[in-house]
Every structure is written in structure tokens, then in C-alpha cells.
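Chemist: Dropping a prediction and its sequence here:
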Amino acid sequence: MTTLRPLGAAVLAAAISTPALAEDIQTIYLNPFVGYQYFDDKRDLDESVTYGGGIEYRFLPQWAVEAVYSRSEPDRKYVGGEVTFEEVRVDGLYYFGSQSDAINPYLAAGVGHADFDGGTTSTPGTMHDETRFNLGGGVRYNMTDRVSLRGDLRAFHGVDESTTDAQASLGISLAFSRDVSEPAPAPAPAPAPAPEPDSDNDGVPDRRDQCPGTVAGAPVDQNGCERDSDGDGVVDRLDQCPGTLRGTEVDETGCEVVTVETFTLYISFPVDSSEIGDRYDEDIREVAEVLQANPEVTVEIAGHTDSTGPAEYNEALSQRRAEAVAQRLISIYGIDDDRVTPVGYGETDPIASNETAEARAQNRRVEARIQVRR
């Protein structure tokens with residue numbers, strides 16, 4: 001027994017450590033069993049119940065290695081007394097099925113070291129060690145992923161005395177598995193569909209683009225048309241007055257249409273004078289009423305002269321005449337001064353020829369140009 005135990009420990013360590021180095025180990029089985037052993041007649045031993053256990057490493061779907069310890073206490077067959085039998089062995093197993101099969105038949109072969117404590121027929125009462133080879137097979141029945149039953153039948157050949165023994169056993173196994181298979185590669189992504197034609201590159205395919213030829217970079221709606229946020233008929237890209245009230249008449253820039261109405265104030269001035277007589281109050285009042293009725297409009301008071309005298313002097317004179325009328329609107333009728341702009345045009349915009357006194361009198365005039373929103 002003193003030599004058996006260190007040897008058994010070494011064999012078990014080798015069986016455990018060697019497969020563990022392999023990256024493809026899949027399952028470890030703990031295999032306790034009970035069996036019945038038949039001994040060769042040369043051994044002078046009766047058949048005996050044998051019990052033991054194994055540690056099995058199934059490192060490939062069909063291949064496994066197992067370290068086994070077994071023990072029995074057979075009686076002497078022809079002489080009184082009994083013998084203690086112990087064996088440590090290492091077996092290789094080949095399975096015919098995969099681990100997922102319910103039934104796994106296998107073949108096995110191995111070598112072990114046996115100890116017969118009690119002697120043999122030739123040397124009764126002594127310790128006898130022996131090397132034994134084994135060959136056999138069995139079947140594993142998987143009840144669950146963790147628990148299985150195993151039946152095993154072996155023949156053993158003792159090298160030292162050329163004996164042949166046999167053993168039948170039945171055991172229950174506990175499995176500890178890990179999946180070492182390579183994960184299935186992710187499926188290749190489906191190829192992206194070919195983009196639909198979009199001739200103007202506005203992001204809306206031609207088949208539903210209601211406005212082909214959109215200017216590059218212009219924001220468009222789902223129909224491929226440039227956006228018109230305020231609905232005034234002028235696209236945002238060109239709209240200089242965003243937010244125009246719906247229904248308002250606008251010009252090409254998207255701004256509300258403004259018309260300029262000119263009220264000519266037939267205010268005659270003496271030569272070289274900007275004095276206004278009271279007889280023109282009615283005309284000035286008419287302009288004031290328009291301004292009062294339309295608080296949002298403004299007025300330009302345009303002063304003019306005839307061509308008598310230097311042009312530079314005439315421009316200054318026309319400015320004084322325009323300011324004189326503007327002051328009447330502000331001081332008498334209460335029009336805000338920021339709504340009234342006096343401008344002197346001098347002799348640059350005549351309405352008559354300046355060749356007669358009557359024509360020159362017509363050119364000495366003031367006009368009220370009112371911007372009226374339509």
C-alpha cells in the first residue's frame with residue numbers, strides 16, 4: 001500500500017492536469033460506480049463486489065480520458081482468508097455519438113497498477129503489485145444534461161502472471177460542461193438597396209419629386225419643392241419678409257406690396273420765398289387726414305423750384321419749402337415728425353417748360369408722396 005498511494009496520486013494528477021491544458025475540453029464527469037469482478041483462477045480469489053470512482057475529461061466530442069480508482073475485498077478461493085484489492089488506472093475512451101445524444105456507446109482501453117494485499121497462491125501472505133492492461137466498452141445514457149447512467153464491461157490482462165480478469169460495473173455520473181465552440185459568425189448585413197435616382201440632389205427621389213431642378217442646397221419639403229413657410233408664394237430662400245400674413249399681396253421679395261400715391265399740393269410760392277399762405281390749409285388738411293386714418297403710412301414732402309437762379313440755391317430753396325409744409329402737418333395736425341420727411345429736389349423735376357411765367361409758377365410746387373399699403 002505504501003507504493004500504491006503515491007503512484008495513484010501521481011496518476012490522478014496527470015490525468016487531471018494534462019487534459020486541462022487543452023482549450024477544447026468540453027465536459028468533466030464524476031463517475032462513481034459499483035461492479036462485480038471475476039478473477040482468473042490462478043489468483044485463488046472468489047468473485048467480488050468492486051466499488052470505485054473516476055474522473056473523466058471529454059475533451060473532444062468523441063474522445064475522453066479517465067482516471068479510475070477501484071477497490072474490493074475478495075475471499076480466498078482455495079485457502080482461508082481474504083485479500084484487499086486496489087487499482088489505479090488511466091483509460092482512453094472513444095464515443096460513437098455526440099454528447100447531445102441520449103445514448104452514447106463507447107470503446108475503452110487503458111493501463112493501471114493493481115495491488116493485491118494478501119499474496120497469491122504461490123506466495124501466500126505477501127504483498128503483490130501488478131500492471132494490468134484493460135480493454136472493453138460500455139454505454140452512457142444521458143437522463144439530463146447533468147446526470148447520466150453508465151454501464152461498463154472490461155477485460156483485464158495481468159502482465160506479471162499472464163492472468164485475465166473481468167469486471168462489469170454500473171455507475172451514475174455528474175457532468176460539468178462548458179461550451180468552447182467558436183460562436184457562429186454574425187450573419188452578413190443585407191446589402192443596402194441601391195439609392196433611387198435623385199437628379200437635383202435634394203434628398204427626394206425623382207419618382208416623387210414634384211419640383212425637379214431645385215437649386216442645390218435649398219431646403220425642400222417632402223415633395224421636393226422649396227419651402228414657403230409663410231405661404232406667400234415666395235420660397236424661403238428668396239423671401240426677405242418671412243412671416244407675412246397669409247393672403248397678403250407681396251412682391252417678388254416676399255414683402256407686402258406698397259404703392260406710393262402722390263398728392264400734389266398746389267401751393268404756389270413767391271419767387272425766392274418759402275412762405276405759405278392760409279389759402280392752402282385745405283390741401284394740407286387733406287394730406288393730414290390720410291395720415292391720421294392710416295397710422296402705419298409715411299409721407300415724403302417733396303419741394304420743387306423753377307429754373308430761375310443757380311441750381312444749388314434752388315435746391316436749398318426747395319428744401320425750405322418742403323420743410324414749411326412738413327411743419328404745418330406736425331404742428332397743426334399733430335402728425336409725428338418721424339412720419340414726415342421733407343426733401344428738396346430743386347429744379348431737377350419740372351412739370352412745365354420754365355419758358356413762361358405761368359410754367360415757372362407750376363414748377364414752384366410741393367408734392368405729398370404717401371406710401372399706402374394695398
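Modeler: On my side now, so go ahead.
Chemist: show me the contacts for residue 53.
Modeler: Contacts for residue 53 (CB atoms under 8 Å, 6 or more residues apart in numbering) come out as 30-33, 68-69, 171. For glycine as for every other residue, the C-beta is placed from the backbone atoms N, C-alpha and C.
Chemist: and these, which are buried?
Modeler: Among the contacts of residue 53, the ones that count as buried by 16 or more other CB atoms under 10 Å are 31, 33, 68-69, 171.
Chemist: where does the protein dip in pLDDT?
Modeler: Along the chain, segments meeting pLDDT under 70 span 1-25, 119-127, 180-181, 258-264, 266, 268, 277, 371-374.
Chemist: Regarding it, what is its longest helix?
Modeler: Longest helix in the chain, counting residues (DSSP state H): helix 311-331.
Chemist: just to revisit the earlier point, going by distance to residue 134, which of the buried ones among the contacts of residue 53 wins?
Modeler: Using CB to CB, residue 68 comes nearest to residue 134 of the buried ones among the contacts of residue 53, at 9.4 Å.
Chemist: so what's that closest one bridging to?
Modeler: Applying DSSP bridges to residue 68 yields these beta-bridge partners: residue 54, residue 89.
Chemist: thought it was touching residue 88?
Modeler: Yes: here residue 68 reaches residue 88: they are 7.2 Å apart, a contact under CB atoms under 8 Å.
Chemist: which neighbours do those two share?
Modeler: Residues touching both residue 68 and residue 88 (CB under 8 Å, 6+ apart) are residue 112.
Chemist: Residue 354 contacts residue 360, doesn't it?
Modeler: Yes: using CB under 8 Å as the test, residue 354 is close enough to residue 360 to be in contact (5.3 Å).
Chemist: show me what contacts residue 241?
Modeler: 250, 253-256.
Chemist: Now it: which helix or strand?
Modeler: When elements are assigned from DSSP states H and E, residue 241 belongs to no helix and no strand.
Chemist: same thing with residue 29?
Modeler: If you go by DSSP H and E, residue 29 is part of strand 27-38.
Chemist: Please spell out which residues along stretch 220-235 are buried.
Modeler: For stretch 220-235, burial by neighbour count (16+ other CB under 10 Å) applies to 220, 224-226, 228, 230, 232, 234-235.
Chemist: End to end on that stretch, go ahead and measure it.
Modeler: 10 Å (CA to CA, to the nearest Å).
Chemist: can you check stretch 211-231 too?
Modeler: The straight-line separation of the ends of stretch 211-231 (CA to CA) is 17 Å.
Chemist: Run a quick neighbour tally on residue 288.
Modeler: A count of nearby residues for residue 288, using other CB atoms under 10 Å, gives 21.
Chemist: I meant to write residue 207 there.
Modeler: 8.
Chemist: Contact partners for it?
Modeler: Neighbouring residues of residue 207 by CB under 8 Å, 6+ apart: 196-197.
Chemist: can you redo the contacts of residue 241 as TSV with neighbour count and distance to residue 132?
Modeler: Converted to TSV, the contacts of residue 241 look like this (neighbours: other CB atoms under 10 Å; distance: CB to CB, whole Å):
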residue	neighbour count	distance to residue 132
250	18	109
253	10	108
254	21	105
255	16	110
256	14	112
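Chemist: can you tell me which two in the residues you listed are farthest apart?
Modeler: Maximum pairwise distance in the contacts of residue 241, criterion CB to CB, is 10.1 Å, between 253 and 256.
Chemist: Can you tell me the element residue 218 falls in?
Modeler: Using DSSP H and E, residue 218 is not contained in any helix or strand.
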